[in-house]
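K.L.:
Got a predicted structure plus its sequence, pasted below:
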Amino acid sequence: MAACGGGGGDGGGGSSSKTVNWWGWAPGNDLATKYVAAFNKEHPDIKVVYKEIPYADYVNALRLGLRSDSGPDVFALQPGEITDRFGPSGMDLTARARQSLGADWASTIVGESHTQFARDGKQFGMPVQLSASGMVWYDKTLFDQHGLKPPTNADELRKVCAAFASLSVVCMAQGAKDAWANIDFYMTLAADTVPGAFYEAVDGKRPWTDPGLVRAFELWRQMFTEGIFGKGSAGLAVYPDTVGQFANGKAAMIMLGTWQAGFMDAAALKLGQEGKFVPRVMLPVAFPDVNGDGQPPKTFGGPDYGLAINSRSDAQDAAWTFVHWLSSNQNGQNLIAAEKFVPAVKGVPMGDSNLVDPQTQKPALQQVVDFMANSEGYREIPYAEIKTALGDALAAVAVGRQTPARAAEAVEQVSRGLKRG
């Protein structure tokens, strides 16, 4: 990338030969290589170079990169803090989207998910794939082997976990070393104890000391004290630790989102296993109803990630050709769906090839889509201060360093001091 402005251009390959530098924590090197290879079959004149940056390092790397002449032409955005901080460093893609996709381009995107990359009427990113969290994946092979069924309420959860504990199997794997995973879990509990209250608290319209939100902290603590999570969970990361436990039959369940539908793909599952491949049948199911009202909590989500174009790039035409192809073009979105991710564009079906057990998992693919379609609320907290405070509070409660009530007070203190726009 050179530090100069770009010109116009279209989405159909009118770019001159250019190199497009693409930075992101997602989709990772393996998938990026596959996507770029498919793109180059249609656009051999554009060279796309992907740089994977660990999520924990992404904000700092992007902050420095966008100020330099050697930064990205295309960079990944996530709803919330990353878009707030770095979206304005990107081009407003509205005019390009209209030119390439038509005046009604926004109507082609699932659930108005593009709006999570918009600020002040400017479209800084195009969603590539969608994801919802707040659901559970369970190992049907393991459940069937021991005559068990996935739990639908708190009582069933305790009984199932007691049964797996007697078999030395982790009931629900949780990478509690990762703040994002803990926040997802807490949001799920809060969505059950008092629906909608979490978002009101984020917006400063309800205190974090609300009884329902404190109850969610209490339930979070019980996951550790009552053996729902495995021993030592506070020191485990989701990737590779707990995902590895689940893929290898050492854990019966894991609370991850729609993005983990690759569990159903035989090739992807094999990559996550140790030793001889075991064709385990992984399926999605609603999170158990823990508050006793008979209704499981709603999932929540939006774009998993989107792509922005650096406003200082001298390869903006070529960059848009790539962004358009992956986020909006039928071929690019079909490739996303083939990897078992929920595509951002309407009418693109989830890929159903290479399933471990097509009979049970083909219908499950529709469940994944439904979890996304029926989700309520965003996943990414828009205020970095609250996100950090909540992550710290959950970590403290997990190891018994803070009571649920004190944890809620700590988050509330940060919330009260926050200046919201």
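P.N.:
On my side now, so go ahead.
K.L.:
I'd like the distance from A396 to Q413, if you could.
P.N.:
From A396 across to Q413, the span is 14 Å (Cβ to Cβ, to the nearest Å). The C-beta positions use only the backbone N, C-alpha and C, and glycine is treated the same way.
K.L.:
go on, E81?
P.N.:
20 Å.
K.L.:
Which of the three states applies to the residue positioned nearest the centre of the chain?
P.N.:
By Cα atoms, centre = their mean, the chain has its centre lying nearest to D304, at 4.6 Å. Using DSSP: H, G, I helix; E, B strand; the rest coil, the structure places D304 in strand.
K.L.:
How about it: what's its closest non-neighbour residue?
P.N.:
Distances taken as Cβ to Cβ, 6 or more residues apart in numbering place S131 nearest to D304, at 3.8 Å, with adjacent residues excluded.
K.L.:
helix/strand/coil for the one you found?
P.N.:
Put simply, S131 is strand when judged by three-state DSSP.
K.L.:
quick one: it from V214, how far?
P.N.:
S131 is 28 Å from V214, by Cβ to Cβ.
K.L.:
Then A261?
P.N.:
Distance, A261 to V214, by Cβ to Cβ: 34 Å.
K.L.:
Please identify which of the two sits among more neighbours.
P.N.:
Neighbours around A261 and V214, counted as other Cβ atoms under 10 Å, are more numerous at A261. The numbers are 27 against 21.
K.L.:
ok, now which ones touch G196?
P.N.:
G377 (Cβ atoms under 8 Å, 6 or more residues apart in numbering).
K.L.:
give me the number of residues near the residue nearest to D304?
P.N.:
Residues near S131, counting by other Cβ under 10 Å, number 24.
K.L.:
now I381
P.N.:
With other Cβ under 10 Å as criterion, I381 counts 22.
K.L.:
what are the phi and psi values for it?
P.N.:
Dihedral angles of I381 (phi, psi; degrees, to the nearest 10) stand at phi -70, psi 130.
K.L.:
That one against K387, yeah?
P.N.:
Yes - counting by Cβ atoms under 8 Å, I381 touches K387, with 4.3 Å between them.
K.L.:
Quick check: neighbours shared by these two?
P.N.:
With Cβ under 8 Å, 6+ apart, I381 and K387 have common neighbours 80-81, 183.
K.L.:
just so I have it, where are all the strands in this structure?
P.N.:
When secondary structure is read from DSSP state E, the chain shows strands at 18-24, 46-52, 74-77, 118-119, 122-123, 126-133, 135-139, 170-173, 251-254, 282-286, 300-309, 342-343.
K.L.:
Tell me where the model's unsure across the stretch 201-350 of the chain.
P.N.:
Across the stretch 201-350 of the chain, nothing is flagged by pLDDT under 70.
K.L.:
just for the stretch 1-150 of the chain, where's the confidence low?
P.N.:
1-17.
K.L.:
in it, which spans are helices?
P.N.:
Assigned by DSSP state H, counting those that start in this stretch, the helices in the stretch 1-150 of the chain fall at 29-42, 55-65, 81-86, 94-101, 140-145.
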